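Asker: build me a model from this:
(2 chains)
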Amino acid sequence: EAGVAQSPRYKIIEKRQSVAFWCNPISGHATLYWYQQILGQGPKLLIQFQNNGVVDDSQLPKDRFSAERLKGVDSTLKIQPAKLEDSAVYLCASSTSAGNSNYGYTFGSGTRLTVV
Amino acid sequence: QKEVEQNSGPLSVPEGAIASLNCTYSDRGSQSFFWYRQYSGKSPELIMSIYSNGDKEDGRFTAQLNKASQYVSLLIRDSQPSDSATYLCAVKASGGSYIPTFGRGTSLIVHP
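Answerer: Below you'll find the predicted structure:
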């Protein structure tokens, strides 16, 4: 089975610019997550989708971050405008179900964002 | 604020030794516990999950859970240099939120 696909792998932008990341989850996985991992820290959830609906976006900085999953498959995460502290790896993960799932996630390879 | 604490390390062990990685958590009602391995520059991969008190073994890996003391540990027997990585503990709390909280990870170095 193909894994979680993410692009681009790397991105360097100047502060105040905008950037978008793309994720294609494992086929059939209804739940999709975006995580931010700052160097030396564990992943922090930004947003969780179940199909094309948002389940949890309580930790998403909504003044600058947005995400969508219009058709319940692919998802995009956008930052506008970017700040220096947004430099991190952005990980997409998917799983077969949300809610009471006891299963771990499958992560994509991530996008390493550097804001200069 | 649900917290998951791990010593950042690095933990250095010789090849062939047992590596012991520990994790404590604050939410007493937590139900599910996971260990992820993350190689430098790579994404995390799930290596163990545990839900009940006691030990769970999978090959060279053993996860240990003690809910009364609110800790979960990962033992790696016969450590190999290829085990050198950061090990992330993740805990799924109770009470309606099924999103796991990750610790910051422990860096393990296995030297020949």
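Asker: show me which residues of chain B are close to chain A?
Answerer: B:4, B:8, B:31-32, B:34, B:36, B:42-46, B:49, B:51, B:88, B:90, B:92, B:97-99, B:102-105 (C-beta under 8 Å from any C-beta of the partner chain). Every C-beta, even on glycine, is put in place using the N, C-alpha and C of the backbone.
Asker: which residue does chain B have closest to chain A?
Answerer: residue B:102 (3.2 Å; C-beta to the nearest C-beta).
Asker: residue ranges with poor pLDDT in chain A?
Answerer: Chain A contains residues with pLDDT under 70 at A:1, A:97-103.
Asker: also chain B?
Answerer: Ranges of chain B meeting pLDDT under 70: B:1, B:94-98.
Asker: can you confirm residue A:85 is in a helix?
Answerer: Yes: under DSSP: H, G, I helix; E, B strand; the rest coil, residue A:85 sits within a helix.
Asker: tell me how many other residues crowd it.
Answerer: By the criterion of other C-beta atoms under 10 Å in any protein chain shown, residue A:85 has 10 neighbours.
Asker: contact partners for it?
Answerer: residue A:115 (C-beta atoms under 8 Å, 6 or more residues apart in numbering or on different chains).
Asker: name the nearest residue to the residue of chain A found nearest chain B, ignoring sequence neighbours.
Answerer: Closest approach between chain A and chain B, counting by C-beta to the nearest C-beta: residue A:42, at 3.2 Å. Residue nearest to residue A:42 in three dimensions, not counting chain neighbours: residue B:102, with 3.2 Å by C-beta to C-beta, 6 or more residues apart in numbering or on different chains.
Asker: who are the contact partners of the closest residue to residue A:70 other than its chain neighbours?
Answerer: Leaving aside its sequence neighbours, residue A:70 sits nearest to residue A:52 (C-beta to C-beta, 6+ apart; 6.1 Å). Going by C-beta under 8 Å, 6+ apart, residue A:52 touches A:69-72.
Asker: what pairs with residue B:92 across the strands?
Answerer: Note on residue B:92: beta-bridge partners by DSSP bridges are residue B:32, residue B:100.
Asker: what number of residues lie near it?
Answerer: Count around residue B:92 with other C-beta under 10 Å applied: 23.
Asker: for residue B:51, see how far away the residue of chain B closest to chain A is.
Answerer: 17 Å (C-beta to C-beta, to the nearest Å).
Asker: which one's more surrounded, these two?
Answerer: residue B:102 (22 against 15).
Asker: I'd say that one and residue A:38 touch.
Answerer: No: if you go by C-beta atoms under 8 Å, residue B:102 and residue A:38 don't touch, sitting 11.6 Å apart.
Asker: now the common contact residues for the two.
Answerer: Jointly contacting residue B:102 and residue A:38 under the rule C-beta under 8 Å, 6+ apart are residue A:44.
Asker: what sits against the residue nearest to residue A:42?
Answerer: Neighbours of residue B:102 in contact, by C-beta under 8 Å, 6+ apart: A:42-44, B:4, B:36, B:88-90.
Asker: which one of those residues is nearest to residue A:18?
Answerer: Among the contacts of residue B:102, residue A:44 lies closest to residue A:18 (C-beta to C-beta), at 21.1 Å.
Asker: can you list phi and psi of the closest one for me?
Answerer: phi -120, psi 130 (degrees, to the nearest 10).
Asker: check residue B:46 too.
Answerer: The phi/psi pair for residue B:46 (degrees, to the nearest 10) is phi -70, psi 130.
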